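Chemist: here is my input, please return the structure:
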Amino acid sequence: MSKKDNKSLYTVPELAKKLNITERAIRFYESKGLINPQRIGNTRVFNYKDRARLIIIVRAKKLGFSLGEIKVYLELYDVDPKHQKQAEFHIKIVKERIDHLEDQKEEINLLLDDLKELQSQLEEIPN
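Modeler: Reported below is the predicted structural model:
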């Protein structure tokens, strides 16, 4: 199936392999309502839009976004053809994520300073 062919359909195993995720992950995202594949008989089939949604989901998960945040993002994508609301929401959650990571970074730096100080004190103790 060509990547350029918008009419391509993928099965769960095909899509899992293409996106380097597990079949179980795809089924999980479906169970959470993040994707809604078509069915041909008992077989789930995914089109290029489903594939794009899965790419967004995988990337967002790697960046630390919750499934709830991802779901809202995808829902905004569906209802706002100009993607303005989606962009505004995305800016908000990205800023929140950056702030959270900056806080964690600051805390890690404080902990590292404390540990280095402790290490220095321990190294000064005679054997």
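Chemist: which neighbouring elements make contact with the helix or strand of the chain with the lowest mean pLDDT?
Modeler: Least confident element among the helices and strands of the chain, by mean pLDDT, DSSP states H and E: helix 67-79 (a mean of 82). Applying 3 or more CB pairs under 8 Å, 6 or more residues apart in numbering; DSSP states H and E, we find helix 67-79 packed against helix 48-62, helix 84-124. Quick note: C-beta positions are derived from backbone N, CA and C, even for glycine.
Chemist: out of those helices, which one sits most buried?
Modeler: Using mean count of other CB atoms under 10 Å, the stretch among these with the greatest mean number of neighbours is helix 48-62 (a mean of 16).
Chemist: how far is that one from where the chain is centred?
Modeler: 7 Å (CA atoms, centre = their mean, to the nearest Å).
Chemist: for that helix, packing partners?
Modeler: helix 12-19, helix 23-31, helix 67-79.
Chemist: ok now do residue 32, which residues does it touch?
Modeler: 67, 71 (CB atoms under 8 Å, 6 or more residues apart in numbering).
Chemist: how about a cut-off of 6 Å?
Modeler: For residue 32, the contact set (CB atoms under 6 Å, 6 or more residues apart in numbering) comprises residue 67.
Chemist: for the nearest residue to residue 37 once chain neighbours are set aside, give its distance to residue 73.
Modeler: In space, residue 37 comes closest to residue 44 once its chain neighbours are excluded; the distance is 4.3 Å by CB to CB, 6 or more residues apart in numbering. Distance, residue 44 to residue 73, using CB to CB, to the nearest Å: 22 Å.
Chemist: do residue 116 as well
Modeler: According to CB to CB, residue 116 and residue 73 sit 40 Å apart.
Chemist: right, and residue 76 touches residue 86 too?
Modeler: Yes: counting by CB atoms under 6 Å, residue 76 touches residue 86, with 4.1 Å between them.
Chemist: quick check: domain ranges of this protein?
Modeler: The chain is divided into the following domains under automatic domain parsing: 1-63, 80-127.
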